[in-house]
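Visitor: Predicted model follows, preceded by the sequence.
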Amino acid sequence: MDLIIRTVLFFLEILYWLIIARVIVSFLPLQNIKDPWRQILRFLFDVTEPILSPIRNLLPRSRMGLDFSPFIAILLLILIRQLILSVLLG
């Protein structure tokens, strides 16, 4: 059971960092990117989009063009992690 919980917590941590990486990458110019990097970015978008898209659909459209879905997703991941830890420890 301990291995399953550690695996879930590790998975949540990886998702957390992948979303942060996606936010950082979204500020970079990606027009002339080389093939190996393109595959890495495709993986990054493929992994994070199923998490961000439903959140984005629930949020009202920002008039400034800002996407708050990564922020909400990170908060949800932290909340899920804390819930798992509180159930286990208390």
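Guide: Here it is on my side, so go on.
Visitor: residues contacting the residue sitting nearest the centre point of the chain?
Guide: Compute the mean C-alpha point of the chain, and by CA atoms, centre = their mean the closest residue is Ile19, 3.0 Å away. Ile19 makes contact with 48, 51-52, 70, 73-74, 77 under the criterion CB atoms under 8 Å, 6 or more residues apart in numbering. In this view, the C-beta of every residue, glycine as well, is placed from N, C-alpha and C.
Visitor: With pLDDT added, can I get those residues in TSV?
Guide: Formatted as TSV, the contacts of Ile19 follow (pLDDT from 0 to 100):
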residue	pLDDT
Thr48	95
Ile51	94
Leu52	94
Pro70	94
Ala73	96
Ile74	96
Leu77	95
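Visitor: What subset of these is buried?
Guide: Among the contacts of Ile19, the ones that count as buried by 16 or more other CB atoms under 10 Å are 48, 51-52, 70, 73-74, 77.
Visitor: ok, so of these, who is nearest Ser62?
Guide: Pro70 (12.7 Å; CB to CB).
Visitor: Was I right to think the closest one contacts Val23?
Guide: Yes - in this structure Pro70 lies within contact range of Val23 using CB atoms under 8 Å: 5.0 Å.
Visitor: residues shared between the contacts of those two?
Guide: With CB under 8 Å, 6+ apart applied, the contact sets of Pro70 and Val23 do not overlap.
Visitor: ok, now how distant is the nearest residue to Arg81 once chain neighbours are set aside from Ile74?
Guide: Nearest residue to Arg81 in three dimensions, chain neighbours excluded: Leu12, at 5.2 Å (CB to CB, 6 or more residues apart in numbering). Between Leu12 and Ile74 the computed distance is 10 Å (CB to CB, to the nearest Å).
Visitor: Pretty sure Leu77 sits against Phe11.
Guide: No - distance between Leu77 and Phe11: 9.8 Å, which falls outside the contact criterion (CB under 8 Å).
Visitor: Skip ahead from the helix or strand containing Asn57 and say which helix or strand is next.
Guide: Assigned by DSSP states H and E, Asn57 belongs to helix 35-58. Tracing the chain C-terminally past helix 35-58 and defining elements by DSSP H and E, one meets helix 69-89 next.
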